[in-house]
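[1] Sequence isn't available, so here's the structure alone:
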């Protein structure tokens with residue numbers, strides 16, 4: 001598969017555990033999530049715009065925290081119009097964003113952004129529930145592959 005997400009070339013970090021069988025790289029996670037991301041996992045304010053052609057739309061924070069669960073590192077956020085943050089991952093020297101494709105040709109600045117904490121993001125019940133749903137679906141997919 002040809003990857004287009006930001007930083008895919010440097011996203012060569014190993015999983016820190018084996019909870020999700022077969023997810024051994026961010027690229028493998030992207031492959032699995034490509035079949036899971038859906039309108040139900042999209043941020044409610046963006047659902048009307050979500051489509052299979054733009055499957056990463058509205059998936060950033062729940063995906064970035066799932067990446068953190070699997071690969072470690074930290075989640076950072078780029079302040080967007082309207083006061084929301086677009087989340088991405090930094091693990092060691094690798095900076096990558098599995099959901100960057102939603103922005104098309106827009107160039108985002110991945111430097112000097114504030115760290116994002118799951119406690120803050122998941123204080124919103126709907127976001128926590130979307131994250132839990134995404135995790136459960138990933139678990140189903142990876143267990144089916146055994």
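    Looks like it came in fine. What you see is a predicted model, and the numbers here were worked out from it, not measured in a lab. Numbers count the residues shown, from 1 in each chain.
[2] Could you measure from residue 113 over to residue 66?
    19 Å (C-beta to C-beta, to the nearest Å). All C-beta spots, glycine's among them, are computed from the backbone N, C-alpha and C.
[3] so where do the helices sit in the protein?
    Applying DSSP state H to the chain gives helices spanning 26-34, 60-71, 118-121, 125-144.
[4] Quick one: work out the angle between the last one and helix 60-71.
    Our comparison of helix 125-144 with helix 60-71, counting by axes from the mean of the first three to the mean of the last three C-alpha atoms, to 10 degrees, yields an angle of 40 degrees.
[5] Show me the shaky parts of the chain.
    1, 145-146 (pLDDT under 70).
[6] Spatially central, which residue of it would that be?
    Residue closest to the mean C-alpha point of the chain, counted by C-alpha atoms, centre = their mean, is residue 63 at 2.4 Å.
[7] what's near enough to touch it?
    Taking C-beta atoms under 8 Å, 6 or more residues apart in numbering, we find residue 63 in contact with 33, 37, 56, 87, 98-99, 134.
[8] So which of the residues you listed wins on neighbours?
    residue 98 (28 neighbours; other C-beta atoms under 10 Å).
[9] and that residue, how far is that from residue 48?
    Taking C-beta to C-beta, one finds residue 98 at 22 Å from residue 48.
[10] burial of the nearest residue to residue 78 once chain neighbours are set aside, as a residue count?
    The shortest distance from residue 78 to any non-neighbouring residue, by C-beta to C-beta, 6 or more residues apart in numbering, is to residue 86 (4.6 Å). Residues contacting residue 86 under the criterion other C-beta under 10 Å number 21.
[11] With residue 54 as the reference, measure out to residue 86.
    With C-beta to C-beta as the criterion, residue 86 and residue 54 are 14 Å apart.
[12] do the same with residue 123
    Distance from residue 123 to residue 54, by C-beta to C-beta: 27 Å.
[13] more neighbours, those two?
    Remark: of residue 123 and residue 54, residue 54 carries more neighbours, 16 against 10, as counted by other C-beta under 10 Å.
[14] burial of the closest residue to that one other than its chain neighbours, as a residue count?
    Once flanking residues are discounted, residue 54 sits nearest to residue 102: 5.9 Å by C-beta to C-beta, 6+ apart. The local packing of residue 102 (other C-beta under 10 Å) involves 20 other residues.
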